[in-house]
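Participant: sequence and predicted model, in that order:
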Amino acid sequence: MKPIIYWDCESYWGMYPLIKDPDHFKDINFIYNKLFEIHKNNTEIDLYIAVVGILLCKNEIEQSKFLYEILSLNEEYRDKKYNNRIKSLINVIPKLQKIHIKEEIELLSKLENVKVGNHTSTHPYIKMDSKNFNKIMLNEIKLTENKIKQNLGINPEFLILPQNKLNDTLALDLINKGYKFRPSNIIWEYDENLESNGSFFKSLQRLKRLVNMFIPKLMRVEPRKYDGTISNLCECGIFLKLPSNKLEFLIFLNFYKYILGNSKNRILWLHPHNFISKTELKIKFYLKIIEIITE
Ligand SMILES: [Zn+2]
């Protein structure tokens, strides 16, 4: 099986708590162009790009309109907290720097080895057992599907729920509607949920990662299987944590070499917006990882 790399494209919209600095993602287009250059002639890897709908809007006006659409569709199902958050996003949009990646995704989507997928409209952070979870997700998925069709002229080929939160009822419903999605087992090395819950959990995450580094076998879990997905073929996937200094570069590289060397299938998952800081070092690291998985 060909190695697969998943990108979850979300930048501002997937962030919780909200990033206040409007300049934080000002280089996001540069990052995508850089990644495009890396992948443009590489047919040895299948690249799956899941995009949050709001980022595919052409400009601020379209973004505001899209947010109102989401708000009105889900207002009665959402917590007040989330409704207020979307309302506050509508207010800050005119003050934000450019955070549209429509043109970059369009370029990528034309590559032979690239598939574009749906990563919901606003990337809502909702507990999986929330009352209206499935309803909210289905609405978000539908809106983004339309946005991908309208703005890229293609049909999304797969789906990724925020933080891989997929329950059995929703999975079956989506399968019946013809959707394919990423296996939800790709969390064993890194737990996004943990890290977004404050400094204590961040330390816990760090500890977990250390254990992973030295005793990788300990943290491995069996993949969960949903019919009709690639999880049937997948031994495991790996969240690719990018290094922020030279020491981490070496440690992470050794770790991934070990893990990838011991996996039948090579499935990686990462967030392009994480290339924003220490870009040069992280790109260098990404190139090394690509070398390893295509060996
Ligand atoms: Zn995400």
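Facilitator: Looks like it came in fine. Remember, predicted model here, so these are calculated numbers, not experimental data.
Participant: can you list the residues of the stretch 101-250 of the chain near the ion?
Facilitator: Within the stretch 101-250 of the chain, the positions near the ion by Cβ under 5 Å from the ion are Pro162. The C-beta positions use only the backbone N, C-alpha and C, and glycine is treated the same way.
Participant: where does the stretch 101-250 of the chain dip in pLDDT?
Facilitator: Residues of the stretch 101-250 of the chain meeting the criterion pLDDT under 70: 183-198, 205, 208-209, 212-237.
Participant: now whichever residue of the stretch 101-250 of the chain sits closest to the ion: phi and psi?
Facilitator: When scored by Cβ to the ion, the stretch 101-250 of the chain has Pro162 as its residue closest to the ion, at 5.0 Å. Pro162 adopts backbone torsions of phi -50, psi 130, taken as degrees, to the nearest 10.
Participant: just Val51 next, same as before
Facilitator: Dihedral angles (degrees, to the nearest 10) for Val51: phi -120, psi 140.
Participant: how about it, nearest residue that isn't a chain neighbour?
Facilitator: Distances taken as Cβ to Cβ, 6 or more residues apart in numbering place Cys9 nearest to Val51, at 4.6 Å, with adjacent residues excluded.
Participant: so what's the residue count around that neighbour?
Facilitator: Neighbourhood size, Cys9 [other Cβ atoms under 10 Å]: 26.
Participant: wait, doesn't it sit right on Ala50?
Facilitator: Yes: between Cys9 and Ala50 a contact is recorded at 6.5 Å, counting by Cβ atoms under 8 Å.
Participant: any common contacting residues for these two?
Facilitator: Residues touching both Cys9 and Ala50 by Cβ atoms under 8 Å, 6 or more residues apart in numbering: His119.
Participant: one step back: so who does the residue nearest to Val51 touch?
Facilitator: Ile49, Ala50, Val51, Val52, Leu55, Ile101, Ile105, His119, His271, Pro272, His273.
Participant: isn't there a helix covering the second one?
Facilitator: No: secondary structure of Ala50 (DSSP: H, G, I helix; E, B strand; the rest coil): strand, not part of a helix.
Participant: surely it touches Tyr6?
Facilitator: Yes: between Ala50 and Tyr6 there is a contact under Cβ under 8 Å: 6.7 Å.
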